[in-house]
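Colleague: Pasted the sequence and its predicted model underneath.
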Amino acid sequence: MVNKQIFQLMIALCFLIPSCGDGGQPGNTYSVQGRYVGNYSNGQEVIVLNQDNTFTQTFSRNGVTQHSLDGTWELRNESIVFSPFIVVDSSPPKQYGHVEGSLHKKGEVISFNPDTDYFIRKSP
């Protein structure tokens with residue numbers, strides 16, 4: 001009798017555990033949506049990640065927009081892939097078909113090149 005009850009409990013847990021939520025892991029699209037800002041010596045980058053997996057990227061210098069584009073984003077494990085994307089840590093900025101960034105601090109920071117401090121931070 002006890003073995004049957006334990007077995008039934010184990011089966012119930014198998015169905016309940018996957019539905020308990022993601023615990024705020026970066027893989028949850030809701031945890032990465034929003035506005036991200038990167039301030040650099042040559043200007044400011046703003047990226048807005050929308051719920052429908054689209055984004056807008058704007059790079060401004062002295063308050064004047066220099067580059068802007070719209071694209072799509074996709075989560076892949078602990079990374080986010082933007083298509084297309086303008087890399088602004090080079091001079092002049094260069095557009096690529098896709099660029100992968102690493103997610104840090106539960107999606108609060110996205111880094112593109114840690115060697116050059118090229119990253120964006122979630123902003124209210």
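Modeller: Yep, it's here. On a predicted model such as this, the values are computed, not experimentally measured, just so you know. Numbers count the residues shown, from 1 in each chain.
Colleague: what's in contact with stretch 82-89?
Modeller: Identification of contacts with stretch 82-89 by CB atoms under 8 Å, 6 or more residues apart in numbering yields 38, 40, 42-43, 45, 47, 55, 57, 59, 67, 69, 71-74, 93-101, 112-113, 116, 118. For glycine as for every other residue, the C-beta is placed from the backbone atoms N, C-alpha and C.
Colleague: and these, which are buried?
Modeller: Among the contacts of stretch 82-89, those classed as buried by neighbour count (16 or more other CB atoms under 10 Å) are 38, 43, 45, 47, 55, 57, 59, 67, 71, 73, 99, 101, 112, 118.
Colleague: coming back round to it: now intersect the contacts of stretch 82-89 with the helices, please.
Modeller: In helices, judged by DSSP state H, none of these are found.
Colleague: Quick check: the closest residue in space to Glu45 that isn't next to it in sequence vs Asp52, distance?
Modeller: Nearest residue to Glu45, sequence neighbours excluded (CB to CB, 6 or more residues apart in numbering): Gly38, at 4.2 Å. Look at Gly38 and Asp52: by CB to CB, to the nearest Å, they are 23 Å apart.
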